[in-house]
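Undergrad: No sequence on hand, only this structure:
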């Protein structure tokens with residue numbers, strides 16, 4: 001107990017000096033990254049091929065490290081290449097200097113046109129960069145720079161990494177780097193100088209050689225020769241001697257009749273400004289030695305015309321204004337507008353205002369006294385008269401968004417039948433500039449879900465696009481759409497087919513608006529046939545020449561003289577103003593109770609074919625081959641039937657939703673089957689009326705022959721006879737076919753309720769068109785506009801034949817077909833498509849600009865023309881193009897002439913000389929020797945001068961190992977940079 005009460009012994013505080021500091025942790029992290037990326041040891045690659053820095057593949061990977069709370073990013077940049085086999089060479093690798101030191105002396109890739117700045121300055125194929133992670137952060141103080149450089153040196157020494165490691169210092173826009181590379185007994189220091197103004201003593205080669213030699217500090221005398229590579233870059237900005245040929249289209253000429261209304265079907269194309277802003281000529285002397293040339297503050301041997309290598313690059317104008325791109329972009333902007341047509345134009349013009357003066361007695365007389373429909377001669381003035389009258393009530397004539405001339409021109413283009421007195425038909429009229437219907441271009445509408453390029457919908461899209469751009473914008477679009485809807489109603493009420501639409505049911509491969517117009521045309525066609533059939537039925541009872549049920553399996557073709565008019569008469573009802581007691585009417589008002597009564601009566605007859613055989617046959621089309629009815633042996637006749645109702649995709653979707661909502665219960669399934677069998681029931685009733693005494697087996701033999709199975713059997717007398725029976729699916733109890741047959745009554749098609757109520761469907765279509773906002777309309781028609789733009793780009797590309805553009809167009813078509821097939825594509829994806837189309841347009845405009853500047857069309861010799869076209873094509877696709885023959889080649893002479901003209905324009909007022917034709921200019925310049933005398937005025941001062949100085953000398957002592965030394969310098973008007981790589985021997989110093 002006494003021991004427990006004693007005070008505890010004194011505890012000493014121990015300071016652990018082995019705890020790592022922040023600096024040591026940072027070095028450790030750098031080493032960890034180097035190990036993770038397996039950058040340890042020497043990895044020799046193949047010698048660098050010429051141009052590999054531009055044509056090869058560069059990759060990079062990054063990681064993040066921190067020094068205390070300051071974050072850095074470490075990035076490894078490397079050229080993808082195959083490494084040499086190390087087997088059997090391990091003993092040699094110890095004395096081999098690192099790969100990066102060897103690359104310092106490689107001359108195959110000086111001045112690469114597209115590469116990382118450190119690649120251009122030092123010629124490295126692989127390097128690491130440590131830079132502040134945040135863009136705004138910067139290492140500014142000298143002490144921090146030295147601390148980072150020390151960290152790099154320790155990390156490289158500890159790991160044995162031979163890849164150069166750089167640290168970015170100062171602000172990022174200055175691109176300042178310092179770094180180090182270590183090898184066995186050797187080290188290279190990478191240093192840099194960056195000034196805004198070039199010191200006077202370093203504006204020429206002799207001054208740069210002085211600083212290079214002083215930095216090397218080589219003790220040897222005489223100093224080994226210095227290898228020099230020089231590049232001067234000249235910039236041509238003045239294109240005034242070549243006016244840009246693209247002119248915006250003259251819209252006034254469209255209305256004035258100089259071009260013609262068909263011009264509305266064409267999209268504009270081309271850039272409104274020169275898409276080539278500058279031409280950069282790089283004159284290069286790749287292999288020079290110190291004593292060969294003189295370049296000082298007094299005299300220079302560096303004549304650009306005498307340079308052995310010329311290379312050219314063009315600088316493209318940033319986002320040049322392109323007509324086609326602007327057209328499509330402005331049309332796309334309508335999609336984001338919220339206003340309705342009424343809000344844009346004022347009070348609704350679809351109100352029936354013309355009837356306000358009519359007396360109520362007129363309405364009663366119309367009900368009791370049928371009057372023929374007045375069909376006026378179709379003309380442009382009739383098309384727009386009603387709408388104009390209504391518009392003028394609320395606005396002055398001068399306020400109309402579209403004037404009469406423009407409107408009439410457009411309407412004549414959309415409805416060419418209005419100008420002619422020929423009978424109207426609904427067939428598609430193709431123009432000369434449209435692709436053939438079998439061609440790949442014509443069938444693009446299948447992929448884009450737009451409309452055929454010769455259809456009314458397609459033309460309407462182009463007209464709205466032009467109206468939006470040139471004739472009143474959104475108000476003009478709303479006005480034209482209003483006129484279009486009124487024209488649709490006019491044609492429906494007066495039985496005029498809509499031109500520019502393929503006949504038949506709506507094509508579900510096209511946009512919904514095109515389907516709606518096709519549906520309206522179907523309604524007009526049937527109404528027209530019904531009204532015409534009513535007239536003929538009074539003189540001739542019925543000559544049933546209906547073309548039969550083309551969709552039925554196993555039926556034969558009818559006689560050649562079948563008429564569509566009589567066919568339609570048998571399947572649709574009459575117009576509302578021509579009701580009569582004629583027995584040719586459909587019983588439109590047959591109620592459900594009457595149907596049920598009739599069904600019950602018919603059900604009582606189902607077991608007695610003899611009773612039904614007494615009925616008079618009605619609605620026969622023609623005899624079906626040699627088939628006979630099974631029960632009474634009478635010939636089997638194909639009946640006149642109603643065609644299934646045509647449907648647009650929104651109606652099909654609506655129908656499928658209704659059927660899906662019925663559920664899976666027995667009652668729901670039964671109701672669904674009845675709804676789906678409306679057409680089947682109609683055909684059964686027609687068949688019963690045409691073939692009294694028939695049975696279900698007779699109907700199946702005509703309607704679905706596969707469901708009637710015939711077999712050869714031996715009867716009681718021993719004879720082989722054919723015995724038939726229904727298929728297994730037809731024998732299922734309570735199946736849809738049996739129920740429908742029991743329900744069906746012998747009613748000919750002309751007396752049945754219409755499967756397709758053209759009056760109701762037409763009114764639904766017209767209402768749908770009337771309520772469309774300009775934004776809805778633009779979304780419907782945007783696929784047509786994109787389709788037209790792609791066709792226009794393809795047409796223009798064929799004139800230029802640019803291989804890269806062909807590939808891009810294929811990509812646009814592939815991308816567009818994926819995006820536009822969705823019901824409501826995202827705006828961002830649509831913008832991408834429009835942007836791609838604009839880029840292609842700019843690319844083609846650049847090709848035309850370069851061809852105009854280099855005069856490819858003026859070449860008389862075919863060989864020179866081909867060379868120039870190849871040169872222009874390369875300029876578009878490659879970052880830098882070598883000029884064959886340098887200044888003495890054909891392209892070189894043209895480039896020289898361009899600079900001469902620009903110089904004369906700036907140095908003198910003799911513009912006439914600058915506008916001289918290329919041939920005369922070249923004759924005037926004479927031989928290369930004569931041109932050399934005009935050196936002062938031929939080229940402007942170089943915009944940039946680059947020098948690379950190389951040598952191999954022992955450092956720091958005369959007995960040290962001879963190692964590569966390199967210094968790159970660039971001199972521009974407001975920038976001076978020296979980037980040096982100086983190697984030294986760390987073993988013998």
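TA: Looks like it arrived, so ask away. Remember, it's a predicted structure, so these values are computed and weren't measured experimentally.
Undergrad: which stretches of the stretch 301-450 of the chain aren't confidently modelled?
TA: For the stretch 301-450 of the chain, applying pLDDT under 70 flags the ranges 347-400, 420-442.
Undergrad: For the host helix or strand of residue 446, which residues meet the burial criterion?
TA: Residue 446 belongs to helix 444-448 when elements are defined using DSSP states H and E. By neighbour count on 16 or more other C-beta atoms under 10 Å, the buried set for helix 444-448 is 444-445, 447-448. (Each C-beta comes from the backbone N, C-alpha and C, glycine too.)
Undergrad: Also stretch 483-501?
TA: Neighbour-count burial for stretch 483-501 flags 483-493, 495-501 (criterion: 16+ other C-beta under 10 Å).
Undergrad: Show the end-to-end separation of it, please.
TA: Length of stretch 483-501, first residue to last, C-alpha to C-alpha, to the nearest Å: 19 Å.
Undergrad: Ignoring the adjacent residues along the chain, who's closest to residue 157?
TA: Of all residues not flanking residue 157 in the chain, residue 182 sits nearest, at 6.2 Å (C-beta to C-beta, 6 or more residues apart in numbering).
Undergrad: which helices and strands does the strand or helix carrying the one you found pack with?
TA: Using DSSP H and E, residue 182 sits in strand 176-183. Under the contact definition 3 or more C-beta pairs under 8 Å, 6 or more residues apart in numbering; DSSP states H and E, strand 176-183 sits against helix 99-103, helix 142-159, strand 165-169, strand 186-195.
Undergrad: Now with 10 Å, please.
TA: Here strand 176-183 touches helix 99-103, helix 117-122, strand 126-132, helix 142-159, strand 165-169, strand 186-195, strand 975-985, going by 3 or more C-beta pairs under 10 Å, 6 or more residues apart in numbering; DSSP states H and E.
Undergrad: which helices and strands does the first one pack with?
TA: Counting contacts by 3+ C-beta pairs under 10 Å, 6+ apart, helix 99-103 packs against helix 117-122, strand 126-132, strand 176-183, strand 186-195, strand 962-972, strand 975-985.
Undergrad: Check which residues of that helix are buried.
TA: 99-103.
Undergrad: same thing with the longest one?
TA: Of the residues in helix 142-159, those buried under the neighbour-count criterion (16+ other C-beta under 10 Å) are 145, 147-149, 151-156, 159.
Undergrad: just the last one next, same as before
TA: With burial defined by 16+ other C-beta under 10 Å, the residues of strand 975-985 counted as buried are 976-985.
Undergrad: Next, count neighbours for residue 884.
TA: 14 (other C-beta atoms under 10 Å).
Undergrad: brain fart, residue 272
TA: Other residues near residue 272 come to 16 when the count uses other C-beta under 10 Å.
Undergrad: Compute the distance between the residue nearest to it when sequence neighbours are not counted and residue 785, please.
TA: Spatial nearest neighbour of residue 272, excluding adjacent residues (C-beta to C-beta, 6+ apart): residue 321 at 4.4 Å. From residue 321 over to residue 785 the distance is 19 Å, taken as C-beta to C-beta, to the nearest Å.
Undergrad: ditto for residue 742
TA: Distance from residue 742 to residue 785, by C-beta to C-beta: 54 Å.
Undergrad: what about the two, which has more around it?
TA: Between residue 742 and residue 785, counted using other C-beta under 10 Å, the more crowded position is residue 785 (23 against 13).
Undergrad: Check the gap between that one and residue 485 for me.
TA: Relative to residue 485, residue 785 is positioned 20 Å away (C-beta to C-beta).
Undergrad: What of residue 461?
TA: The spacing between residue 461 and residue 485, counted by C-beta to C-beta, is 16 Å.
Undergrad: do residue 752 as well
TA: Remark: distance between residue 752 and residue 485 (C-beta to C-beta) = 33 Å.
Undergrad: the bottom helix or strand of the chain by mean pLDDT?
TA: When each helix and strand of the chain is scored by mean pLDDT, DSSP states H and E, helix 564-569 comes last, with a mean of 35.
Undergrad: what about the stretch 701-850 of the chain, any weak spots by pLDDT?
TA: Within the stretch 701-850 of the chain, the segments meeting pLDDT under 70 span 717-718, 720-721.
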